Every structure is written in C-alpha cells, then in structure tokens.
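In: Got a sequence here, can you build the structure:
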Amino acid sequence: MELRELAIKKLEERGVKLTDIADITHELQGRYLEGITCDECLDMVNQVLDKREVIHTILTGIAIDEVAEKELIEKEICDLIRADNGLYGMDEILALGITNLFGSIALTNFGYVDKNKPGIIGKVDREGKEHIRCHTFLDDIIGAIAASAAARLAHNKEDIKEAL
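Out: Numbers count the residues shown, from 1 in each chain. This is a model prediction of the structure:
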C-alpha cells in the first residue's frame, strides 16, 4: 500500500473521511467564493494530500496519538499528550508544517479552525477531551488540511482573476 492510501486509511480508522475535511473547507471559503461546491473542496483536499510532507504529517501525528492512547510511552509523556493542554503546542507545531506549504491564508484559516473547531474537528476534539480516544494531534492535522485546501481555493480564484 502506498503512503497516501495508508494516510487516508488511518484517517478513516480514526473516524475521519475526506468529505468531512472538504465540508470544513467549504465552510471556510463558501462565503468568499460564490457557487463553490463540496466536490471542488474535496478536489482541493485531495490536492493537499498529494504533498509528501502532508502524508508524513498525517502518519506521524496519528502514530503519536495511537501510542499515547495505548500507553506505550513513558507515563509522563503519555499524560502530557493525552491531556491535550493548550500550552502543550507540539500538536499545533506539527500541523503548522502543513499550513506552511500553502501560505499565509492557510495559516490564518488554521488559527480560525483551531479556535472554533467546526465539523469533524469538534467531534474528534470532544472524543479526546472525554478520553474516548486520543486525538491530540489529529484534530490539528484535520484543521491544517482543511485550512490549506481553503487557501488553495483562494489562490486559484485569484489566479483566474489575474488571467482574465
């Protein structure tokens, strides 16, 4: 299995479909891009997933969540990850690696979704806070993918305007 397929499979195993991420992308850009469809947003999500760095981030973040969930690392580190304290920050740092590939719009979009936790981000965040599963890294990775897909849409819109 290639790494891209594995990353998508791991997302799905954690309860996240690409259409869930596309819905957040649509929420981010729908008010700015009249007539944008969920299919176009899903296409942008897939384009974000075409980058090797994004795939590596997904696989790494989910692996850290799973190791903490199974308590396979030192208790102190495990507790730190599972608590998902706002001051921990390593989860956001990993996710920012994705947004940095797509520019300042992706970064500001990420700040918005990290704070507001729309859609599937809120669901996985609640599961983590309720200790159902450890999603400390996953919620931020989802947000970074959606934010980056929204940035791609914004940049594509500007490219079309300039071409006209």
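In: and Gly97, what element?
Out: Per DSSP states H and E, Gly97 falls inside helix 90-99.
In: Then Ile58?
Out: In the assignment (DSSP H and E), Ile58 maps to helix 52-69.
In: What of Leu101?
Out: Short version: Leu101 belongs to no helix or strand, going by DSSP H and E.
In: List the residues that contact the spatially most central residue of the chain.
Out: Most central in the chain under Cα atoms, centre = their mean is Ile142, positioned 1.8 Å from the mean C-alpha point. Listed by Cβ atoms under 8 Å, 6 or more residues apart in numbering, the contact partners of Ile142 are Leu11, Val16, Asp20, Ile21, Ile24, Ile120, Ile121, Val124. To be clear about C-beta, it is placed using only N, CA and C from the backbone, and glycine gets the same treatment.
In: Let me know the helix or strand that it is in.
Out: Following DSSP H and E, the helix or strand that holds Ile142 is helix 138-163.
In: tilt between that helix and helix 90-99?
Out: Counting by axes from the mean of the first three to the mean of the last three Cα atoms, to 10 degrees, helix 138-163 points 20 degrees away from the direction of helix 90-99.
In: gap between helix 138-163 and the chain center?
Out: How far helix 138-163 lies from its chain's middle: 12 Å, per Cα atoms, centre = their mean, to the nearest Å.
In: Also stretch 121-130?
Out: Worked out by Cα atoms, centre = their mean, stretch 121-130 lies 14 Å from the chain centre.
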